[in-house]
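A.B. asks: Got a predicted structure plus its sequence, pasted below:
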Amino acid sequence: MSASSLNKIRRALATSALLLWAGLATAQGPLYLWTLSDARGELRAWLYGTIHVCDAACFPLPADVEKALAAADSLALELDPDDPQLAPRLIVAAQLPAGRSLDEALPPDLRPRLSAAADRVGLSGAALQRMQPWMVATLLTLRAAHSAGFGTDQGVDLWLARTARARGLPLVALESVDRQIEALAAGGDAAQLASLVEVVELIERGAAPAYFAGMLAAWRGGDAAAIDRIVREESASPAMAPLLADLLDARNREMADAIVARLQPGRRVFVAVGAGHFGGDAGLLAALSGRGFTLRQVEAKDD
């Protein structure tokens with residue numbers, strides 16, 4: 001049996017285990033929510049992992065999460081999803097230089113596969129030809145999520161941002177739009193190509209429903225280690241390591257610094273960033289613990 005076949009079997013087994021957990025999950029157990037306390041034991045913040053694309057099963061959020069948000073003085077997100085500059089900046093950055101096409105950056109055997117994958121999720125292959133590989137991978141992922149019943153319109157970040165605004169709660173961004181674009185485009189040509197291949201293969205295998213359901217199951221179970229494994233191993237090849245080093249590791253350090261800078265005596269901030277930033281030795285939990293803070297995962301009660 002080839003290494004590729006073994007890897008696919010391993011991914012299928014991991015996803016099956018997560019789906020089983022989703023079926024067994026109850027209203028009790030660990031949430032994807034941590035309290036952050038300083039050296040004196042004073043609660044300074046809540047740290048919540050979000051799912052950027054989700055379905056109706058994400059809502060309502062657990063009662064403990066809503067209580068923490070209600071008790072916070074401000075909300076901090078990676079980006080404000082309603083920032084009017086977000087879409088224009090992405091559109092400009094996503095375009096290839098004049099006279100260049102996506103196919104020029106792809107090996108010949110990948111071109112028809114990409115076209116077929118785009119057709120399968122309802123995207124025009126011709127329209128993708130003017131886009132940077134990172135944007136093509138992003139659009140394919142979003143469309144694959146949509147076809148599996150998951151969408152950005154039900155993303156947890158968007159719900160938090162709009163809830164905060166409705167309550168008059170101050171909202172701050174931990175990053176700039178340009179920093180996120182830089183991270184999405186990082187890693188060099190080989191890593192970007194490997195990322196695109198992973199998405200194409202996900203669509204070819206018809207694995208998007210199981211992939212996103214597995215992510216949701218791990219999130220609902222408060223399992224940061226499982227999500228870290230999915231992001232870094234189950235859905236990433238070794239060639240993607242330079243991309244992940246910037247997209248995750250470097251940004252985790254930067255966001256940890258930004259979170260610490262937001263902490264003010266007597267104030268409590270509700271911090272919500274993508275769930276993939278939490279686990280592992282380079283995750284936010286480890287980074288903030290290394291800065292002298294105590295993080296405790298919140299256990300849900302029956303709602």
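C.D. replies: Ah, there it is. Numbers count the residues shown, from 1 in each chain.

A.B. asks: among the helices and strands of the protein, which has the poorest mean pLDDT?
C.D. replies: For the chain, the helix or strand with the lowest mean confidence is helix 3-24, at a mean of 39 (criterion: mean pLDDT, DSSP states H and E).

A.B. asks: and after that helix, which helix or strand comes next?
C.D. replies: Going down the chain from helix 3-24, the next helix or strand is strand 29-37, by DSSP states H and E.

A.B. asks: Spell out the residue ranges of the helices in the stretch 151-300 of the chain.
C.D. replies: 156-167, 177-184, 189-204, 208-220, 224-229, 241-244, 251-262, 284-289 (DSSP state H, counting those that start in this stretch).

A.B. asks: Could you provide those helices in TSV, with additional columns for mean pLDDT and distance to residue 121?
C.D. replies: The C-beta positions use only the backbone N, C-alpha and C, and glycine is treated the same way. Supplementary listing: the helices of the stretch 151-300 of the chain in TSV, determined by pLDDT from 0 to 100; distance: least, CB to CB, whole Å:
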stretch	mean pLDDT	distance to residue 121
helix 156-167	95	21
helix 177-184	96	19
helix 189-204	97	6
helix 208-220	94	8
helix 224-229	97	23
helix 241-244	97	22
helix 251-262	97	27
helix 284-289	98	31
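
A.B. asks: Which among the ones you listed is found nearest to residue 76?
C.D. replies: Residue 76 lies closest, by CB to CB, to one member of the helices of the stretch 151-300 of the chain: helix 251-262, at 5.7 Å.

A.B. asks: and that closest one, what does it pack onto?
C.D. replies: strand 43-50, strand 74-77, helix 177-184, strand 269-274, helix 284-289 (3 or more CB pairs under 8 Å, 6 or more residues apart in numbering; DSSP states H and E).

A.B. asks: and the nearest residue to residue 239 once chain neighbours are set aside, what does it touch?
C.D. replies: Residue nearest to residue 239 in three dimensions, not counting chain neighbours: residue 194, with 3.7 Å by CB to CB, 6 or more residues apart in numbering. The contact partners of residue 194, by CB atoms under 8 Å, 6 or more residues apart in numbering, come to 237, 239-240, 243.
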